[in-house]
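>>> Model the structure of this input:
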Amino acid sequence: MAHYDLIVIGAGMIGASCADAASAEGMRVALIEPGPIGGGATAAAMGHLVAMDDDPAELALARYSLHHWEAFADLKEAEFSRCGTLWVARSDADRNAAAARAARLGAAGVEAHLIDAATLYELEPALTPGLSGGMLVPREAVVYPPRMARYLVQRAQSRGARLYAGRRAQALLSSGVQLDDRTRLSGPVLVATGCAIPELLPMLPMRARKGHLIITERYPNLLRHQLLELGYADSAHGDADSSVAFNVQPRPTGQILIGSSREFSAIDASVSPAMVQRMLERSFAFVPALRRLQALRIWTGFRPTTPDGRPYLGAVPGATNQWVAAGHEGLGITTALGSARLLMDLIHGRTPAIDPAPYAPSRMAA
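Numbering: from 1, shown residues only. Purely as a prediction, here's the structure:
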């Protein structure tokens with residue numbers, strides 16, 4: 001039976017980040033992944049590196065993680081683009097909300113500027129007339145998540161990590177894990193399987209939240225910033241069965257990535273024409289020029305969502321040498337690096353840079 005200092009189950013962005021961080025500390029790491037690296041929720045993510053401020057714990061984790069993302073700003077494999085985020089206000093009430101949000105971000109050390117309508121249209125001329133202004137967060141960026149996950153896994157492998165590709169973790173053992181080919185590995189286990197968490201950890205509830213994405217042909221210079229409506233968080237954090245929100249991203253390739261939708265009741269991965277139409281109409285209301293673009297591909301994915309919207313980061317309740325990192329919903333790419341470092345501190349008994357209590361899996365047991 002092979003022994004490891006840490007066995008990471010799942011090679012999405014979260015698992016890849018944990019394997020990379022553990023191998024950087026000299027740990028002997030095993031990484032188990034039955035499918036493509038970054039092929040699940042990671043492949044369906046927009047890759048927006050954004051500080052969301054609706055929950056103080058969420059903001060703390062995002063801010064901590066964004067600091068670590070700066071190390072990859074010049075990495076070709078990351079396809080890092082510092083396009084900035086432009087939150088769009090449709091009304092004076094939205095602009096007042098933007099002022100409050102800018103103040104919260106500023107207090108957390110995130111550069112954010114309230115802008116008027118004239119500045120808004122200077123920054124993004126393609127926006128529909130009649131908007132009230134918004135908020136600019138200039139240092140935020142986007143990356144290409146699947147490629148970044150592959151890079152982190154390869155870097156961990158270069159330090160000696162062992163990838164069990166095409167293998168599935170069948171069961172957790174008292175001191176390790178059994179794979180689907182009956183191979184047994186011993187050592188502490190970190191489960192990072194996203195929506196599939198209940199298969200190995202049934203005590204931790206998780207809901208899969210379906211989303212659609214559309215990517216267009218190349219239309220360089222049509223948009224310059226990641227664009228979101230100020231009501232985006234209502235969709236992202238709400239509990240409605242289905243919702244859409246304006247979220248459009250210019251890719252470094254010149255393509256336009258269009259989101260976003262959320263569905264709790266949808267359980268299959270097929271594209272829903274009705275949901276795509278809702279999503280497109282929402283984006284057309286903000287950027288009418290999108291109507292004339294040619295879509296290249298439409299696909300779906302599932303976001304892992306916990307009951308309270310915060311990820312599980314920490315020790316598995318009632319277990320020894322079992323850890324979990326999952327449930328980041330739409331912020332998994334942003335918070336992956338910070339989540340991995342938080343887990344490493346907890347595993348090694350160090351005091352983390354941010355308070356780990358809001359993410360402790362034990363809160364569900366309680």
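
>>> show me what contacts residue 284?
When contacts are counted by C-beta atoms under 8 Å, 6 or more residues apart in numbering, residue 284 is found next to 290-291. The C-beta positions use only the backbone N, C-alpha and C, and glycine is treated the same way.

>>> Tell me which helix or strand it sits in.
Element membership for residue 284 (DSSP states H and E) is helix 273-286.

>>> buried ones in that helix?
Going by neighbour count (16 or more other C-beta atoms under 10 Å), the buried part of helix 273-286 is 275-276, 279-280, 282-283, 286.

>>> which one of those residues is nearest residue 320?
Nearest to residue 320, judged by C-beta to C-beta, of those is residue 275 at 43.6 Å.

>>> separation between the closest residue in space to the closest one that isn't next to it in sequence and residue 37?
With sequence-adjacent residues excluded and distances taken as C-beta to C-beta, 6 or more residues apart in numbering, residue 275 is closest to residue 261, at 5.2 Å. Summarising the geometry, the distance separating residue 261 from residue 37, computed by C-beta to C-beta, to the nearest Å, is 25 Å.

>>> Residue 201 too?
From residue 201 over to residue 37 (counting by C-beta to C-beta), the distance is 22 Å.

>>> Let's have the buried residues of helix 273-286 in JSON lines, adding pLDDT and distance to residue 91.
What follows is the buried residues of helix 273-286, written out as JSON lines (pLDDT from 0 to 100; distance: C-beta to C-beta, whole Å):
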{"residue": "275", "pLDDT": "94", "distance to residue 91": "26"}
{"residue": "276", "pLDDT": "95", "distance to residue 91": "27"}
{"residue": "279", "pLDDT": "95", "distance to residue 91": "21"}
{"residue": "280", "pLDDT": "97", "distance to residue 91": "22"}
{"residue": "282", "pLDDT": "96", "distance to residue 91": "16"}
{"residue": "283", "pLDDT": "97", "distance to residue 91": "18"}
{"residue": "286", "pLDDT": "97", "distance to residue 91": "13"}
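
>>> Turn these into JSON lines, columns for distance to residue 117.
Written out in JSON lines, the entries for these read as follows (distance: C-beta to C-beta, whole Å):
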{"residue": "275", "distance to residue 117": "31"}
{"residue": "276", "distance to residue 117": "30"}
{"residue": "279", "distance to residue 117": "25"}
{"residue": "280", "distance to residue 117": "25"}
{"residue": "282", "distance to residue 117": "20"}
{"residue": "283", "distance to residue 117": "20"}
{"residue": "286", "distance to residue 117": "14"}
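
>>> Compute the number of surrounding residues for residue 157.
A total of 16 residues lie near residue 157 under the criterion other C-beta atoms under 10 Å.

>>> So, low pLDDT: which residues of the stretch 201-350 of the chain?
Under the criterion pLDDT under 70, the flagged ranges of the stretch 201-350 of the chain are 233-239.

>>> Let me know how buried residue 212 is, in neighbour terms.
Here the count is done by other C-beta under 10 Å, and residue 212 has 24 residues near it.

>>> Now do the SS call for the spatially closest residue to it that is not a sequence neighbour.
Nearest non-adjacent residue to residue 212, counting by C-beta to C-beta, 6+ apart: residue 261, 4.6 Å away. With DSSP: H, G, I helix; E, B strand; the rest coil as the basis, the three-state label of residue 261 is strand.

>>> Who is residue 261 paired with across the strands?
Each beta-bridge partner of residue 261 is listed here, defined by DSSP bridges: residue 244.

>>> quick one: it and residue 240 touch, right?
No - judged on C-beta atoms under 8 Å, residue 261 makes no contact with residue 240 at a distance of 11.3 Å.

>>> Who has more neighbours out of these two?
Using other C-beta under 10 Å as the criterion, residue 261 and residue 240 rank with residue 261 on top: 24 against 10.

>>> and the more buried one, what does it touch?
210-212, 242-244, 275-276, 278-279.

>>> how much space between it and residue 290?
Looking at residue 261 against residue 290, where the rule is C-beta to C-beta, the gap reads 15 Å.

>>> And for residue 336?
With distances defined as C-beta to C-beta, the gap from residue 336 to residue 290 amounts to 29 Å.

>>> So which of these two has more stuff around it?
A side-by-side neighbour count of residue 336 and residue 290, using other C-beta under 10 Å, places residue 336 first with 32 against 21.

>>> can you tell me which helix or strand the nearest residue to the more buried one once chain neighbours are set aside belongs to?
On the basis of C-beta to C-beta, 6+ apart, the spatially nearest residue to residue 336 that is not a chain neighbour turns out to be residue 17, at 4.2 Å. Using DSSP H and E, the element containing residue 17 is helix 13-24.

>>> Skip ahead from that helix and say which helix or strand is next.
Downstream of helix 13-24, the next assigned helix or strand under DSSP H and E is strand 29-33.

>>> Who does the helix or strand following that next one pair with, and is each partner parallel or antiparallel?
If you walk from strand 29-33 toward the C-terminus, the next helix or strand you reach (DSSP H and E) is strand 48-49. Strand partners for strand 48-49, identified by DSSP bridges, are recorded as strand 141-142 (antiparallel).

>>> buried stuff in the helix or strand just after the strand it pairs with?
Heading C-terminal from strand 141-142, the first helix or strand you meet, by DSSP H and E, is helix 145-158. For helix 145-158, the buried set under the neighbour-count rule, 16+ other C-beta under 10 Å, comprises 145-153, 155-157.
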